[in-house]
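# Model the following, please.
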Amino acid sequence: MSSYDPAALECLAAIVEEGGFERAAQRLNVTQSAVSQRLRVLEAQVGSVLIVRSRPLRPTPAGQLLLKHTKQLRLLRAGLERDLQELAPSAPAGTREDERIAIAINADSIATWAMGALHALVQQRLPLEIIVDDQDFTQEWLRSGQVLGCVTTLRQALRGCKMVPLGAMRYVAVAATGYAQQHLPQGLSAHNFRAVSFLSFNRKDDMAAEFVARAFGLRRVALNQLFVPGSEAQMRAVAAGWAVGVVPELLARGPVADGSMVDLAPGRSLPIALYWHCWNLESALLDALSAALTGAAAQALVAAA
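This next block holds a predicted model:
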């Protein structure tokens, strides 16, 4: 088996992670021509094209394999750095850009339970990078080799990966009290949901439509939508009376309790099951990361049906 130059592998990773040759060169502190040359040498060694020159740039299947290999090398280096730090706590912990440990987590988990799960590891100087995406799409980051783990709604494990159920996050429909009194004085129903607007994260987000469909036994639901990316931003938009929000019950609990928001469909919620997927590798650092996330999820989420 060929031995690949670590600098060339990190060059490939930088191109994919930064989204282009120019930014990769800036990160690596080399010229853009040097980046292109390193990639050409690596492609010649592999005997295959590694990057599709599209917008955005994306790795080919061979590029994905090498990208995953590069991430594994980073994981090994980060684990070694962590072990050495435990043996010599006074030694400086020099985190390089190419040592970052990347995971993909959905925005609602970041806004509720996941940050607390990661706190202790960050305090131990884990060089963490969190990539935020819709929970239905975080697995694509794992599939492409750009992250070593993800929180997703998808249950099927990818080849070479393992899956752990986390539990279910409950979503409820809420509105600011004034907005609800003006537009939905009797609450949300199958007959009046078209009279109001709903917040969505982006055009990939179908949470609100799924809530309405399941709550009222409807097949197809078309909503008037406002797009507001970010869980906290959506809560602020709800509080400001912009629209109805289908949000995690964990975020809505306080405002509903203090009367600033109204649960528009009491007793009805949409449980979304979440799963942790990660590479199936022997790594104390990866095990610690998995244990932290699964432990925190067990405390915050409900049992999946």
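# how's this structure carved up into domains?
1-63, 169-272 (automatic domain parsing).
# In this structure residue 245 contacts residue 198, no?
Yes: assessed by CB atoms under 8 Å, residue 245 is found in contact with residue 198 at 7.3 Å. No exception for glycine: its C-beta is placed from N, CA and C like everyone else's.
# Comparing those two, which shows the higher neighbour count?
Ranked by neighbour count (other CB atoms under 10 Å), residue 245 and residue 198 place residue 245 first, with 30 against 22.
# would you say that one is within a strand?
Yes: assessed with DSSP: H, G, I helix; E, B strand; the rest coil, residue 245 lies in a strand.
# Skipping its backbone neighbours, what lies nearest it in space?
The shortest distance from residue 245 to any non-neighbouring residue, by CB to CB, 6 or more residues apart in numbering, is to residue 238 (4.0 Å).
# coming back round to it: tell me which of the domains of the chain sits nearest to residue 137.
The closest of the domains of the chain to residue 137 is domain 169-272. By CB to CB, the value is 6.4 Å.
# mean confidence for that closest one?
Here domain 169-272 scores 95 as its mean pLDDT.
# can you start the count at 18 instead of 1 from here on
Sure thing, new numbering starts at 18, so read that last one as domain 186-289.
# Quick check: what element follows the longest strand seen in the chain along the chain?
What stands out as the longest strand in the chain, according to DSSP state E, is strand 178-193. Going down the chain from strand 178-193, the next helix or strand is helix 194-200, by DSSP states H and E.
# about what we covered before: what's the overlap in contacts for residue 262 and residue 215?
residue 225 (CB atoms under 8 Å, 6 or more residues apart in numbering).
# sorry, back to before: would you mind stating the distance between the residue nearest to residue 262 and residue 268?
Separation of residue 255 from residue 268 (CB to CB, to the nearest Å): 9 Å.
# if we can go back for a sec, now, of the domains of the chain, which is deepest in the fold?
Highest mean neighbour count of these: domain 186-289, a mean of 18 (counted as mean count of other CB atoms under 10 Å).
# Kindly check the end-to-end length of that domain for me.
Here the two ends of domain 186-289 are set 5 Å apart, with distance taken as CA to CA, to the nearest Å.
# how much distance is there from that domain to the middle of the chain?
A distance of 22 Å separates the centroid of the chain from that of domain 186-289, by CA atoms, centre = their mean, to the nearest Å.
# What of stretch 63-83?
23 Å.
# for stretch 137-148, same thing?
Relative to its chain's centre, stretch 137-148 lies at 15 Å (CA atoms, centre = their mean).
# buried set for that stretch?
Buried residues in stretch 137-148, counted by 16 or more other CB atoms under 10 Å: 138, 143-144.
# So what's the model's average confidence on that stretch?
On average, stretch 137-148 scores 86.
# counting contacts, what elements does the longest strand of the chain pack onto?
helix 224-233, helix 248-256, strand 262-265, helix 266-274, strand 278-280, strand 287-296, helix 301-317 (3 or more CB pairs under 8 Å, 6 or more residues apart in numbering; DSSP states H and E).
# what do you get if the cut-off is 6 Å, keeping everything else the same?
helix 248-256, strand 262-265, helix 266-274, strand 278-280, strand 287-296, helix 301-317 (3 or more CB pairs under 6 Å, 6 or more residues apart in numbering; DSSP states H and E).
# Please work out the angle formed by the directions of that strand and helix 248-256.
Here strand 178-193 runs at an angle of 20 degrees relative to helix 248-256 (axes from the mean of the first three to the mean of the last three CA atoms, to 10 degrees).
# Am I right that residue 170 is in contact with residue 152?
Yes: using CB atoms under 6 Å, residue 170 is in contact with residue 152, at 4.7 Å.
# How much space separates residue 212 from residue 117?
Distance from residue 212 to residue 117, by CB to CB: 47 Å.
# re the thing from before, residues contacting the residue nearest to residue 262?
Contacts here follow CB atoms under 6 Å, 6 or more residues apart in numbering; on that basis residue 255 touches 191, 193, 262.
# With residue 124 instead?
149, 248.
# Tell me the spacing between it and residue 154.
For residue 124 relative to residue 154 (CB to CB), the value is 11 Å.
# same check, this time on residue 298
Taking CB to CB, one finds residue 298 at 23 Å from residue 154.
# mind checking which of the helices and strands packed on strand 178-193 is nearest residue 89?
For the helices and strands packed on strand 178-193, proximity to residue 89 was assessed by CB to CB; strand 287-296 is nearest, at 7.2 Å.
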